[in-house]
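>>> the sequence isn't on hand, but the structure is:
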């Protein structure tokens with residue numbers, strides 16, 4: 001197998017909701033942050049420029065004269081297998097996973113990754129290389145060897161690799177004959193008390209059982225089940241269970257388009273993105289993420305005494321996410337800069353209030369929940385509703401996070417309306433009649449003003465900002481939020497104009513007007529899914545089905561999507577795996593799929 005000359009997004013993700021790692025087709029760890037999602041990327045070769053083994057930032061298992069690789073997940077799990085085959089037909093099977101299973105009445109999710117290496121077809125010549133870097137690629141850690149472990153030490157992180165492979169082979173990167181299974185346990189600097197092989201075997205069995213059980217209770221559609229299950233597992237891996245935060249993606253600074261400098265750190269919790277994740281998992285019946293996210297938002301609010309929300313927060317509330325450059329990392333394929341942290345935390349994005357209220361709404365109506373929403377939670381949400389009223393017609397950076405301008409964005413205003421509308425419905429559910437009427441009246445007032453100013457009669461379309469002249473893909477969500485009916489002539493006109501201006505073949509741009517960094521050239525994948533959903537809503541299901549099938553064909557070999565797709569080549573760009581994109585896949589598949597009843601009982 002010839003090694004790729006440049007990094008790609010042909011990657012798999014393993015994790016356990018406190019840490020994750022990205023692994024390429026050569027079974028190389030190319031991205032892994034410790035001690036958690038937003039930590040120092042100790043394996044960072046994904047952002048080290050053109051492939052350069054000398055630069056470090058990876059962990060791999062090489063097979064001598066490798067000619068082929070086969071990579072896949074164990075069915076319905078987050079356990080990744082990579083089979084490398086040499087020129088003689090001998091193979092090595094590598095199993096990577098992060099332990100996650102129930103123990104002592106709670107979920108056990110240690111900061112640990114396990115690699116199991118086997119030679120099912122006979123002895124093979126292999127080499128194990130572990131070359132972490134620290135301080136965002138700037139430095140090499142100190143190395144200390146023990147009898148069965150190697151420690152990689154720096155001021156801000158400590159890594160321990162415990163193994164049953166002779167330590168000298170790893171420390172000196174020596175080739176050796178693999179004639180028995182080998183195990184690596186990679187994690188923070190903690191002792192491994194038991195024999196590593198037995199731990200790996202036990203943890204693998206129990207982690208497999210955990211994921212099979214979790215998937216078993218998903219309410220999947222009849223069609224596209226494998227795609228939806230993989231997307232759901234990926235969303236789960238992007239939730240940081242210690243606090244309830246949901247990251248937008250596992251990576252930082254994968255460019256949205258080649259050489260565009262649109263390189264951002266997505267290892268944080270955007271309230272907007274988190275709402276969409278909660279919505280998708282709720283539809284599958286996995287409501288625990290919603291409950292954890294509401295707990296997270298409660299903690300966030302405690303750090304904001306005036307209850308005014310930022311659009312994005314660190315996964316541990318109160319910690320820094322100041323944006324800065326990491327000059328020691330050349331960037332994905334050498335396309336810098338590499339940004340760490342995100343300036344969006346300082347922006348005003350007024351859709352945040354609606355995102356939180358919509359995420360919490362099901363808490364009050366879902367009878368399955370052991371701790372449903374109550375009057376205390378409702379009062380906290382009303383505080384956010386008051387901010388929605390104040391900011392509904394104030395300029396902001398919008399959901400596209402423009403850095404060079406502000407406007408009164410239609411999406412933000414509609415989300416403020418949605419916050420008030422849902423608060424009225426929740427109040428009615430709780431028997432708070434006066435509050436229900438209060439919020440219903442405010443919602444109606446906001447809606448009248450938005451309809452007046454967001455509609456452009458000359459264009460025959462709603463526009464992306466009040467009194468504006470342009471469209472963007474977020475207008476496709478107007479029917480999704482219940483702001484207008486999909487049969488409303490105004491929405492039909494909007495859909496027509498969005499199609500004519502933003503569609504590129506089977507893909508959808510988020511907008512076509514120049515922004516701070518020029519004119520966007522790649523399609524924003526969630527917008528394509530919004531377009532699919534809008535087509536279904538207006539009765540164009542066959543068109544929607546064709547676009548969905550094409551978009552599914554753009555996934556990588558493991559069924560994962562990044563943020564963007566190049567319309568000219570179909571190549572994935574942007575941070576990876578992107579929760580927004582996986583959410584869109586789930587919702588569009590559920591909308592389009594024939595029902596189980598149609599498939600079996602009605603003979604369709």
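Right, received. Where do you want to start? Quick caveat, the model's predicted, so the values are computed rather than measured.
>>> for the rest of this, base every contact and every neighbour count on C-alpha atoms.
OK.
>>> so how many other residues sit close to residue 457?
9 (other C-alpha atoms under 10 Å).
>>> domains of this protein?
Taking automatic domain parsing as the reference, the chain has its domains at 11-193+205-215, 217-594.
>>> distance to residue 600 added to the ones you listed, as a markdown table?
Output for the domains of the chain, formatted as a markdown table (distance: least, C-alpha to C-alpha, whole Å):
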| stretch | distance to residue 600 |
| --- | --- |
| domain 11-193+205-215 | 22 |
| domain 217-594 | 10 |
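>>> endpoints of stretch 298-306, how far apart?
13 Å (C-alpha to C-alpha, to the nearest Å).
>>> quick revisit: with mean pLDDT added, can I get the domains of the chain in CSV?
Output for these, formatted as CSV (pLDDT from 0 to 100):
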stretch, mean pLDDT
domain 11-193+205-215, 94
domain 217-594, 96
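>>> what lines up beside the helix or strand hosting residue 70 in the sheet?
According to DSSP states H and E, residue 70 maps onto strand 66-73. Partners of strand 66-73 in the sheet, by DSSP bridges, are strand 80-86 (antiparallel).
>>> and the next helix or strand after the strand it pairs with, how far out from the chain's middle?
Proceeding N to C from strand 80-86, the next assigned helix or strand is strand 91-97, under DSSP H and E. Chain-centre distance of strand 91-97: 25 Å, with C-alpha atoms, centre = their mean, to the nearest Å.
>>> can you give me the strands in the stretch 201-350 of the chain?
239-240, 245-246, 269-270, 312-313, 324-325, 331-332, 339-340 (DSSP state E, counting those that start in this stretch).
>>> which strands and helices lie in contact with the second one?
With contacts defined as 3 or more C-alpha pairs under 8 Å, 6 or more residues apart in numbering; DSSP states H and E, the packing partners of strand 245-246 are strand 239-240, strand 269-270, helix 288-302.
>>> let's see it at 10 Å
With contacts taken as 3 or more C-alpha pairs under 10 Å, 6 or more residues apart in numbering; DSSP states H and E, strand 245-246 sits against helix 225-237, strand 239-240, strand 269-270, helix 271-283, helix 288-302.
>>> next, format the ones you listed as a markdown table and append mean neighbour count.
Listed next are the helices and strands packed on strand 245-246 as a markdown table, based on neighbours: other C-alpha atoms under 10 Å:
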| stretch | mean neighbour count |
| --- | --- |
| helix 225-237 | 22 |
| strand 239-240 | 26 |
| strand 269-270 | 25 |
| helix 271-283 | 23 |
| helix 288-302 | 19 |
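>>> can you put those in JSON lines and add distance to residue 142?
Shown next, in JSON lines, are the helices and strands packed on strand 245-246 (distance: least, C-alpha to C-alpha, whole Å):
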{"stretch": "helix 225-237", "distance to residue 142": "30"}
{"stretch": "strand 239-240", "distance to residue 142": "29"}
{"stretch": "strand 269-270", "distance to residue 142": "33"}
{"stretch": "helix 271-283", "distance to residue 142": "38"}
{"stretch": "helix 288-302", "distance to residue 142": "36"}
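>>> between the ones you listed, which one is closest to residue 97.
Nearest to residue 97 among the helices and strands packed on strand 245-246 is helix 225-237; the distance by C-alpha to C-alpha comes to 11.6 Å.
>>> tell me how far that closest one lies from the chain's centre.
Worked out by C-alpha atoms, centre = their mean, helix 225-237 lies 11 Å from the chain centre.
>>> elements contacting it?
strand 11-15, helix 196-216, strand 245-246, helix 271-283, helix 579-592.
>>> now do 6 Å
Here helix 225-237 touches helix 579-592, going by 3 or more C-alpha pairs under 6 Å, 6 or more residues apart in numbering; DSSP states H and E.
>>> from the contact counts, what lies against the helix or strand following the helix it packs on?
Note on helix 579-592: by DSSP H and E, the next helix or strand toward the C-terminus is helix 596. Using 3+ C-alpha pairs under 6 Å, 6+ apart, no helix or strand is in contact with helix 596.
>>> show residues contacting helix 596.
residue 222 (C-alpha atoms under 6 Å, 6 or more residues apart in numbering).
>>> please apply the same query to stretch 356-365.
By C-alpha under 6 Å, 6+ apart, the list of residues contacting stretch 356-365 reads 275, 372-373, 419.
>>> now residue 56. Nearest residue, chain neighbours left out?
For residue 56, ignoring the flanking residues on the chain, the nearest one in space by C-alpha to C-alpha, 6 or more residues apart in numbering is residue 131 at 5.1 Å.
>>> phi, psi for the one you found please.
phi -130, psi 70 (degrees, to the nearest 10).
>>> so it touches residue 60, yeah?
No - assessed by C-alpha atoms under 6 Å, residue 131 is found out of contact with residue 60, at 8.8 Å.
>>> between those two, who's got more neighbours?
Counted by other C-alpha under 10 Å, residue 131 and residue 60 do not tie: residue 131 has more neighbours, with 21 against 17.
>>> which residues touch that one?
56-58 are the contacts of residue 131 under C-alpha under 6 Å, 6+ apart.
>>> can you name the residues bridging to it?
Beta-bridge partners recorded for residue 131 (DSSP bridges): residue 58.
>>> and it, how far is that from residue 113?
16 Å.
>>> what does residue 413 give?
44 Å.
>>> which of the two has more neighbours?
The neighbour count for residue 413 versus residue 113, taken as other C-alpha under 10 Å, is higher for residue 413 (29 against 22).
>>> list the contacts of the more buried one.
Here residue 413 is in contact with residue 392 (C-alpha under 6 Å, 6+ apart).
>>> show me which residues of the strand or helix carrying it are buried.
Residue 413 belongs to helix 410-429 when assigned by DSSP H and E. By neighbour count with 16 or more other C-alpha atoms under 10 Å, helix 410-429 contains the buried residues 410-427.
>>> do stretch 548-556 as well
548, 551-552, 554-556.
>>> so which of those are in strands?
Using DSSP state E, no member of these falls in strands.
>>> okay, those residues in a markdown table with distance to residue 473 next?
Formatted as a markdown table, these follow (distance: C-alpha to C-alpha, whole Å):
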| residue | distance to residue 473 |
| --- | --- |
| 548 | 17 |
| 551 | 17 |
| 552 | 20 |
| 554 | 20 |
| 555 | 21 |
| 556 | 24 |
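>>> tally up the residues packed near residue 374, please.
Neighbours of residue 374 under the rule other C-alpha under 10 Å: 12.
>>> same check, this time on the one 10 residues further on
For residue 384, the count of nearby residues is 26 (other C-alpha under 10 Å).
>>> Provide the backbone phi and psi angles at it.
Here the main-chain torsion angles of residue 384 (degrees, to the nearest 10) amount to phi -70, psi -40.
>>> find the nearest non-adjacent residue to it, please.
residue 353 (5.7 Å).
>>> can you check residue 188 too?
residue 159 (4.7 Å).
>>> residue 10 too?
Distances taken as C-alpha to C-alpha, 6+ apart place residue 556 nearest to residue 10, at 5.7 Å, with adjacent residues excluded.
>>> sorry, back to before: tell me how many other residues surround the residue nearest to residue 384.
With other C-alpha under 10 Å as criterion, residue 353 counts 34.
>>> in this structure, which spans are helices?
167-171, 196-216, 225-237, 271-283, 288-302, 352-361, 375-391, 410-429, 433-454, 489-502, 525-537, 541-553, 579-592, 596 (DSSP state H).
>>> which among these is found nearest to residue 404?
helix 410-429 (17.4 Å).
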